[in-house]
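# With the sequence up front, the predicted model follows.
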Amino acid sequence: MNDTNLKFSNSVIGLPLFFVLFLWIIYWMQIRFDFDFYQYGIYPRDIVGLRGVLFSPFIHENLEHLYNNSIPLFILLATIQFFYHKQTFGVICYGILLSGFITWVVGRTNFHIGASGLIYVLVSFIFFKGVQTRYYRLVALSLTVILLYGGMIWYVFPDVDQSISWEGHLAGLITGFVLTLFYRTPEYAKPIVYDWQRPDFDPALDPFMKHFDENGNFINIPKEEEESLPDFFSSSHSVNYIVTRKLDSEDKI
């Protein structure tokens, strides 16, 4: 894979727009028809509460909760769709399931709702995968994510704010890292600058490489072969040197 694979497409905007719009439709239905969606959140260590693994990312407590999740979710989904489009759906689906299950195992006995767990999955995946690739564009992306969302790390600790699901945040952070280990690192090839970097390059047919053996030592080319080379490589090509010497003190005028 090279830089030509990083192309903008309609899905870069379409996917996050559809996902965020769907969250707002769910919230509108909750307000408009007075649905009690909270019971579909994750309720730890309860069999019925296990259904929240699937439904909790789409349920929000209030408008502020939904708004605070919508903006970073849109940005991160667009980012992962552009840079990791082959892994996007796997990261979203498995990220929701695995982070939700971890929350169900370790969470407090209360309903855990909201898409913040998925946000932590995306931040974690983009950061750790970029570092693992060692590709300068993705490393720069990792640093950008840290600059924008690095402060989120404090909300994986229990003593920061008891009103939020720090368990869901921590589960998302762990899940994102785990997913980077299962998804193959994209191979980003450096752009071809020299002829010897091309896959079809044959040293035996290159005029310059004929002057060297397999160990890199200079060799003399037979007269008949040398005559077949371009004028640039021929020994008959004259080279003029200009030699200067440092003037002694008595030579100075």
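Great, that's in hand.
# give me the low-pLDDT residue ranges for the stretch 101-250 of the chain?
Scanning the stretch 101-250 of the chain for pLDDT under 70 picks out the ranges 185-250.
# From E61, how far off is L77?
L77 is 21 Å from E61, where distance means CB to CB, to the nearest Å. Any C-beta I mention is one placed from the backbone N, CA and C, and that applies to glycine too.
# Which one of the two is surrounded by more residues?
Neighbours around L77 and E61, counted as other CB atoms under 10 Å, are more numerous at L77. The numbers are 24 against 16.
# Neighbours of L143, how many?
Look at L143: counted by other CB under 10 Å, it has 14 neighbours.
# Buried residues, the helix or strand that contains it. List them.
L143 is part of helix 136-149 when elements are defined by DSSP states H and E. Judged by neighbour count using 16 or more other CB atoms under 10 Å, the buried positions of helix 136-149 are 138, 141-142, 145-146, 149.
# what's the following helix or strand past that helix packed up against?
Per DSSP H and E, the first helix or strand lying C-terminal to helix 136-149 is helix 166-182. Judged by 3 or more CB pairs under 8 Å, 6 or more residues apart in numbering; DSSP states H and E, helix 166-182 is in contact with helix 88-106, helix 116-133.
# What is the neighbour count of F157?
Neighbours of F157 under the rule other CB under 10 Å: 11.
# got it, and N110?
When neighbours are counted by other CB under 10 Å, N110 registers 13.
# Am I right that it is in a strand?
No. Applying DSSP: H, G, I helix; E, B strand; the rest coil, one finds N110 to be coil, outside a strand.
# Now do the phi/psi pair for it.
phi -160, psi 170 (degrees, to the nearest 10).
# cool, Q39 as well?
Main-chain torsions, Q39, degrees, to the nearest 10: phi -70, psi -10.
# coming back round to it: can you tell me which of the helices and strands packed on helix 166-182 is packed in deepest?
Ranked by mean neighbour count, these are led by helix 116-133 with a mean of 24 (mean count of other CB atoms under 10 Å).
# Okay, domains of the protein per the record?
Annotated domains of the chain cover 3-182, 195-251 [automatic domain parsing].
# winner for burial among those domains?
When the domains of the chain are compared using mean count of other CB under 10 Å, domain 3-182 is most buried, at a mean of 18.
# which secondary structure elements does the helix holding L143 contact?
helix 63-83, helix 116-133.
# now the helices and strands packed on helix 166-182 in CSV, with distance to F55?
Below are the helices and strands packed on helix 166-182 laid out as CSV (distance: least, CB to CB, whole Å):
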stretch, distance to F55
helix 88-106, 9
helix 116-133, 12
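# Please identify which of these is closest to V178.
Closest to V178 of the helices and strands packed on helix 166-182 is helix 88-106 (CB to CB; 6.9 Å).
# what's that closest one packed up against?
For helix 88-106, the packing partners by 3+ CB pairs under 8 Å, 6+ apart come out as helix 52-55, helix 63-83, helix 116-133, helix 166-182.
# can you tell which of these is closest to P16?
Of all the helices and strands packed on helix 88-106, helix 63-83 sits nearest to P16, with 3.6 Å by CB to CB.
# could you give the angle of that closest one to helix 136-149?
Here the directions of helix 63-83 and helix 136-149 differ by 170 degrees (axes from the mean of the first three to the mean of the last three CA atoms, to 10 degrees).
# In a helix, D46, correct?
No. Assessed with three-state DSSP, D46 is coil; it does not lie in a helix.
# per-residue confidence at Y67?
pLDDT recorded at Y67 is 95.
# For it, give its distance to V12.
Distance of Y67 to V12, computed by CB to CB: 22 Å.
# again with L122
For L122, the distance to V12 - CB to CB - is 14 Å.
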